[in-house]
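Asks: Build me a structure from this.
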Amino acid sequence: MTNEERLDKLEQENKELKAQIERTKNVSVWPGLKDEIRIYCLSKDDSDINNVKAYSLQTAIYTIIRFSLGISNVSSINQSNIDDARKVFEELKGVI
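Replies: Okay, here's the model as predicted:
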């Protein structure tokens, strides 16, 4: 194998690794925090069968997280901003 062939092979491997890293960055970590928020909200709603208060509280928490992170949808929370989202949620739990 010539040096040029080795270089081409390394460049291809590098390209594949970069693509894999990008895919990893886009893996949603939101479902885990979403479940924590849902469970928390349900624990605060002991008044009715339909969980109307829990749903309202959950929506309010989502809105504050979206506003704080500057995103339009909580589903777009990823590895780069999950810690900030979790911090906002933990701060909210302290005042609810």
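Asks: The chain: helices as residue ranges?
Replies: Ranges of helices in the chain, per DSSP state H, are 3-25, 30-44, 52-69, 82-95.
Asks: tell me what the last one is packed against?
Replies: Read it as helix 82-95. Packed against helix 82-95 by the contact rule (3 or more Cβ pairs under 8 Å, 6 or more residues apart in numbering; DSSP states H and E) you find helix 30-44, helix 52-69. Every residue, glycine included, has its C-beta placed from N, CA and C.
Asks: So which bits of the shortest one are buried?
Replies: Along helix 30-44, these residues count as buried under the neighbour rule (16 or more other Cβ atoms under 10 Å): Trp30, Leu33, Lys34, Ile37, Arg38, Tyr40, Cys41.
Asks: before we move on, back to that, quick one, which of the helices of the chain is nearest to Ser76?
Replies: helix 30-44 (7.9 Å; Cβ to Cβ).
Asks: Tell me how many other residues crowd Leu57.
Replies: 20 (other Cβ atoms under 10 Å).
Asks: Once you drop chain neighbours, what's closest to it?
Replies: Excluding the flanking residues, the one nearest Leu57 by Cβ to Cβ, 6 or more residues apart in numbering is Cys41, at 4.5 Å.
Asks: Tell me the spacing between Cys41 and Glu11.
Replies: 50 Å (Cβ to Cβ, to the nearest Å).
Asks: Ile77 now?
Replies: For Ile77, the distance to Glu11 equals 33 Å [Cβ to Cβ].
Asks: quick one: which of the two has more around it?
Replies: Applying other Cβ under 10 Å to Ile77 and Glu11 shows that Ile77 carries more neighbours, namely 22 against 10.
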